[in-house]
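Colleague: Below are the sequence and a predicted model; questions follow.
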Amino acid sequence: MLGDACGLAGGVIEDHLHGRADRAALPVGPIEGVLERPGGVADLPHPHADVVLVIEPEGRLVPHAGLPDREVHALREEVGPVVDAQRAEVRDAADLGEQEVVRVIDDALQVGLTEPHALAVREGILARRRRHGGEASRFGMADAPVGAMRRIELPGGERIPVLGQGTYRMGEEREMRRREVAALRTGIELGMTVIDTAEMYADGGAERVVAEAIKGRRDELFVITKVYPWNATRDGMMKACERSLRRLGTDWIDLYLVHWRGDVPLRETVDAFHDLLRAQRIRHAGVSNFDVDDLEELARLKAGLEGIVANEVMYNLEHRGIEHDLLGWCRKRKRAVIAYSPIEEGLLTTENHVALAAVAERHSVTAAQVALAWVIREPGVVAIPKAARTAHARENAAAAELRLTQRDLDELDASFAPPEEKLPLATR
């Protein structure tokens, strides 16, 4: 929740003030004392004048002097809709104290307070809570610093993080775009540099959201997108790839997947992949929603697995069918498994699952973090959870730090049984 507000400061304010380093580098003022007494004044140095921010008795942070009205108006016009969306989401789940915190930070952002100051607000509140014996964060590990993220190795030696970001249903609602972009940028900052999308998502709209989020950082990222199976012919795939490249605003795709098995012969699809690899429009090829029999057929083709580095499939605690054979097949051949819906579209984020709740409580984390840590517990698996809010991006990234014990795994197995026989491949 607090991380959400601070992520907004870093992921949105910074972008809207791009090129105005004077503002981003402002020293931190004595905010903690102001929070302790409504009506107090904080003097925050400004390159042109002293910006004095006052907390009114009802808790609203307002500019008292020094910030030109036109700057306040411009910032509110650019950032206000995102701030309003964040505020509306967090307040339903917040207790009274955290509502006050969110209001203070939101209003600070609206009048131009940048990340160093927002972080100072947060640190002041955490210090106050510690003095009064309160909780530092309702997300536990979600607000902890995230270190260098674990990686898996693809054929050829390239290494990518075990946690990436999904974009399913992004780009569908125009009013959500800024929030989606902010969430993706927060995830990138936290090391989730694998971004998965598809031409199918919002009819290319998700790719456009990704384009905005990755602008200026393309070389740091591993971008995955997917082609419709009916476009997986030699001519059709070339054209579809060019459309995706334009929407993504990039010259290359790191991993290009056929979204699911269709009617186009695999031989033609493989040849289409090879055309794109030779043209350097894609760096790697792969498949999605392919079961073992599909992969075996692919492997029997001449150079069928050449350039194919991954299979993206549904995998989570509720859907463990790939453990029977598909996971082992891919691991033996050093092909990555990319797990979509790793928290079952949010169904594994609640405390309704007793085993998940127990493990989460033991580690002081959320159920979603346990579910994600479980998916990436074994080598060769990358999870791509979607986060449309910065708070969720932070929560997801922190799951990479969680190490489940054997006791944890046993309890989860008892509640979410591993497969005893071959099951149809779960898809969505």
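Modeller: All right, it came through fine.
Colleague: alpha carbons only for contacts and neighbour counts from here, please
Modeller: Fine.
Colleague: For the helix or strand where Ala357 lies, which helices and strands make contact with it?
Modeller: In this assignment (DSSP states H and E), Ala357 forms part of helix 354-363. Counting by 3 or more Cα pairs under 8 Å, 6 or more residues apart in numbering; DSSP states H and E, the packing neighbours recorded for helix 354-363 are helix 367-375, helix 406-415.
Colleague: how about a markdown table for those, with mean neighbour count added?
Modeller: Converted to a markdown table, these look like this (neighbours: other Cα atoms under 10 Å):
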| stretch | mean neighbour count |
| --- | --- |
| helix 367-375 | 25 |
| helix 406-415 | 14 |
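Colleague: export these to a markdown table and tack on distance to Ser288?
Modeller: Below are those laid out as a markdown table (distance: least, Cα to Cα, whole Å):
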| stretch | distance to Ser288 |
| --- | --- |
| helix 367-375 | 17 |
| helix 406-415 | 26 |
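Colleague: Select, out of the ones you listed, the one closest to Lys302.
Modeller: Ranking those by proximity to Lys302 (Cα to Cα) places helix 367-375 first, at 32.8 Å.
Colleague: Let me know the next secondary structure element after the closest one.
Modeller: Toward the C-terminus from helix 367-375 - assigned by DSSP H and E - lies strand 381-383.
Colleague: I'd like to know which elements that next one is packed against.
Modeller: Right, strand 381-383 is packed against strand 336-340, helix 367-375 by 3+ Cα pairs under 8 Å, 6+ apart.
Colleague: Val381 touches Ala336, doesn't it?
Modeller: Yes: between Val381 and Ala336 there is a contact under Cα atoms under 8 Å: 6.0 Å.
Colleague: anything in contact with each of those two?
Modeller: Here Val381 and Ala336 have Ile152 as joint contacts, going by Cα atoms under 8 Å, 6 or more residues apart in numbering.
Colleague: Those two: who's more crowded?
Modeller: Val381 (27 against 23; other Cα atoms under 10 Å).
Colleague: Give me the distance between the spatially closest residue to the more buried one that is not a sequence neighbour and Gly205.
Modeller: Using Cα to Cα, 6 or more residues apart in numbering and skipping the chain neighbours, the partner closest in space to Val381 is Val337 (4.9 Å). Val337 sits at a distance of 25 Å from Gly205 (criterion: Cα to Cα, to the nearest Å).
Colleague: picking that back up, closest to Asn396 out of the helices and strands packed on helix 354-363?
Modeller: Comparing the helices and strands packed on helix 354-363 by Cα to Cα, helix 367-375 comes nearest, at 6.3 Å.
Colleague: so where's the stretch 1-150 of the chain shaky on pLDDT?
Modeller: Along the stretch 1-150 of the chain, segments meeting pLDDT under 70 span 1-147.
Colleague: what about the helices in the stretch 251-400 of the chain?
Modeller: For the stretch 251-400 of the chain, applying DSSP state H, counting those that start in this stretch gives helices covering 266-278, 292-300, 326-332, 354-363, 367-375, 390-398.
Colleague: And the contacts of the second one?
Modeller: Okay, so that is helix 292-300. Arg261, Leu266, Gly304, Leu305, Asp325, Leu326, Trp329.
Colleague: Repeat the analysis, applying 6 Å as the threshold.
Modeller: Residues from elsewhere that reach helix 292-300, judged by Cα atoms under 6 Å, 6 or more residues apart in numbering: Gly304, Leu305, Leu326.
Colleague: By neighbours, which of the residues you listed wins?
Modeller: Leu326 (21 neighbours).
Colleague: and that one, what does it touch?
Modeller: Val292.
Colleague: Quick check: it vs Ala414, distance?
Modeller: From Leu326 to Ala414 the distance is 22 Å (Cα to Cα).
Colleague: same thing with Pro342?
Modeller: Separation of Pro342 from Ala414 (Cα to Cα) stands at 19 Å.
Colleague: Any idea which of the helices and strands packed on helix 354-363 gets closest to Ala183?
Modeller: helix 367-375 (16.7 Å).
Colleague: Sketch out the strands for the stretch 101-250 of the chain, chain order is fine.
Modeller: 151-153, 159-161, 194-196, 222-227 (DSSP state E, counting those that start in this stretch).
Colleague: Pick the most deeply packed of these.
Modeller: strand 194-196 (a mean of 24; mean count of other Cα atoms under 10 Å).
Colleague: Who are the packing partners of that strand?
Modeller: strand 222-227 (3 or more Cα pairs under 6 Å, 6 or more residues apart in numbering; DSSP states H and E).
Colleague: That'll do, ta.
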